[in-house]
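> coords please:
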Amino acid sequence: MEKNQKVAAQSRPAMEQRFSLNRREFLTATAVAVSTAALMPLLGPPSPANAAAVAGRVYTVAGRNTGVNALTPRTEFRGMWIASVLNVDWPSKAGLSVAAQKAELVSLLDLAVKRKLNTVMLQVRPAADRMWISTLGEPWSQYLTGTQGKDPGYDPLAYAVTEAHRRALALHAWVNPFRVSTGASLSALVATHPARKNLTWSFAYGGKRYYDPGIPAVRSYITSVVKDLVSRYDIDGLHFDDYFYPYPVAGASIPDSAAWAAYKGSYTSVASWRRNNVNVFIRDMQKAIRAAKPRVAFGISPFGIWRNNTSSSLGSATAGLEAYSALYADSRGWVKNGWVDYVVPQLYWYQGYSPANYNVLVDWWAKQVLGNSVKLWIGEAAYRVGSGGAWNDKNELRDHTAKTRSVGVVTGQSFYNATAVRANTLNSMGILSAVYYSRPSLPVPMPHMVSTRPYTPVITSVLRTSAGMKLSWKSSNSGERKTLIAIWRWTSTGSVIPYIQSTGTYLVKLVPRTQYYQAWTDSSAVPGQRYWYMIQSISQTGIDSLRATAIFVKA
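Sure, this is the predicted structure:
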């Protein structure tokens, strides 16, 4: 990631709620509860003349399964990476004022909302440093202030979480586990840096410095840093990128002979030992995150090629650098063992690229997640659009989405990077969004983590105001965890209530649950038009409230 991706050819979600109707509030008189459990066909909504006769009836919604091929899937991961290392995306440069840093971050979150994305992966530990308050020894990131260890004057991660959730965006804290520095010198690090206090923990390689994954104390320390972060911040996910053992540098050998001698145990192969070091780290990291906060998803965006089929019959029909042998990253093994909750392989190549064909790799990864709970989302190279060849086709990213939507187990995409999403070169993101992201989408459910259903919100009124139709509801006063409120709207025309439980066609808004009583104003409602409004709550792990409530009104 972070602008140094290597192309393959080069080496890289049965309550029956009845309403006592108040005509002054409801304008017309049908309020219903909608079940997402018993899915039955239903005739269309009543006409206003019949509304009083049917007030309070319990309706169920037809639930035809349209699958992920629909242009508006009900649930889908739509992510955007925000890189902080080398000030790639945010902050745009080191040393900006607190106000300027906050303004830039909010601008990127607003960009995600504009493009109808639902998740941001914010890099908060770019190089054995941090962008959150901690007492575990790692210094404040130099990419904030320009000086490693200098307090930026606020808590960037806390601010990011608050502002993302205010916009109904999930925030995954992106951590680079083993990179110590983008330079090789230990003396360039702040004197209190753990790498300087533990001189045997790291090595220089290719002009950079890395923690040694072969040292148990290193793995334990990084796990403790992540566990502390997860315990104290209301993040939705913890995210690793593709860096484990460093990318190969011609003519250089990884200087880990001391760790090999001390910790090899019964291993006779350095390569197998290195892979095991990373495997143990990934396995134990998931356990630590589960222990700290079970609802936080753990995911990784590995290099796109696990192994070529010339190296293993289980590999993909590709001919490029292999994560398995070059980075000692057994990404397929992590999926098969269920050590991650989601995987976002970086398929940063175009359709038809012979050494690493995008379509071939999508299909290969889809086979790897079959039969387990790991979610598959595809990493997209938005930054390559306009760089030449097939990437000069303004429809390349759009066609990638067409491919992912055609493969049932692929439930989303993530775009690298935020700067490229904003630049929208060749209008590529605009074209993709117009076709495939015309509506919001709910988060992909992860019932294997926390499957508790949130409280069903209850519509209390719909009022016509000068600003539009003001929809009010009440939620639970039980102090339940953060949830989203999903709002659907559709017109009264047609013979069947829309299949809102299997598509997002009529999903108009996601808002965060912030208090017991809440409201939202539909400024796009056309005066005189008759609408159905329906609301439902969605948990932080994408689980819906089973039931939803609906009202039929005249704007």
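
> stretch 319-330: which residues count as buried?
By neighbour count with 16 or more other C-beta atoms under 10 Å, stretch 319-330 contains the buried residues 320-330. C-beta: built from backbone N, CA, C; applies to glycine.

> average model confidence for stretch 294-308?
When the per-residue pLDDT values of stretch 294-308 are averaged, the result is 98.

> from the middle of its chain, how far away would that stretch be?
For stretch 294-308, the gap between its own C-alpha mean and the chain's C-alpha mean amounts to 12 Å (C-alpha atoms, centre = their mean, to the nearest Å).

> export the buried residues of stretch 319-330 to CSV and tack on distance to residue 369 and pLDDT?
Below are the buried residues of stretch 319-330 laid out as CSV (distance: C-beta to C-beta, whole Å; pLDDT from 0 to 100):
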residue, distance to residue 369, pLDDT
320, 21, 97
321, 22, 98
322, 19, 98
323, 16, 98
324, 17, 98
325, 22, 98
326, 23, 98
327, 20, 98
328, 22, 98
329, 17, 98
330, 15, 98
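
> OK, contacts around the closest residue to residue 333 other than its chain neighbours?
Once flanking residues are discounted, residue 333 sits nearest to residue 279: 6.4 Å by C-beta to C-beta, 6 or more residues apart in numbering. Neighbouring residues of residue 279 by C-beta atoms under 8 Å, 6 or more residues apart in numbering: 330, 333-334, 339.

> what about the residues you listed, which are in helices?
Within those, residues falling in helices by DSSP state H are 333-334.

> is it true that residue 174 lies in a strand?
Yes - in this structure, residue 174 lies within a strand as judged by DSSP: H, G, I helix; E, B strand; the rest coil.

> hmm, it is touching residue 81, no?
Yes - counting by C-beta atoms under 8 Å, residue 81 is a contact partner of residue 174 at 6.9 Å.

> any residues in contact with both of these two?
Taking C-beta under 8 Å, 6+ apart as the contact rule, residue 174 and residue 81 both touch 121, 123.

> who has more neighbours out of those two?
More crowded of residue 174 and residue 81, by other C-beta atoms under 10 Å: residue 81, with 32 against 25.

> and the gap between the more buried one and residue 200?
Residue 81 sits 33 Å away from residue 200 when distances are taken as C-beta to C-beta, to the nearest Å.

> again with residue 255
For residue 255, the distance to residue 200 equals 11 Å [C-beta to C-beta].

> and for residue 182?
For residue 182, the distance to residue 200 (C-beta to C-beta) stands at 21 Å.

> name the nearest residue to residue 409, sequence neighbours excluded.
For residue 409, the closest residue by C-beta to C-beta, 6+ apart turns out to be residue 366, at 4.9 Å.

> for my notes, confirm that neighbour occurs in a helix.
Yes - the assignment for residue 366 (three-state DSSP) places it in a helix.

> can you tell me which residues contact it?
When contacts are counted by C-beta under 8 Å, 6+ apart, residue 366 touches 376, 407-410.

> make a PyMOL selection of the buried ones in these.
A single PyMOL command is used to select the members of the contacts of residue 366 judged buried by 16+ other C-beta under 10 Å:
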select buried, resi 376+407+409+410
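
> by pLDDT, give me the weakest of the contacts of residue 366.
Least confident by pLDDT among the contacts of residue 366: that is residue 408, with 89.

> for that one, pull up the helix or strand it's in.
Taking DSSP states H and E as the criterion, no element holds residue 408; it sits outside all helices and strands.

> measure it to residue 304 for me?
20 Å.

> now swap in residue 86 and tell me
Applying C-beta to C-beta, one obtains 22 Å for the distance of residue 86 from residue 304.

> which one of these two is surrounded by more residues?
residue 304 (31 against 14).

> that one against residue 347, yeah?
Yes - applying C-beta under 8 Å, one finds residue 304 in contact with residue 347, separated by 4.6 Å.
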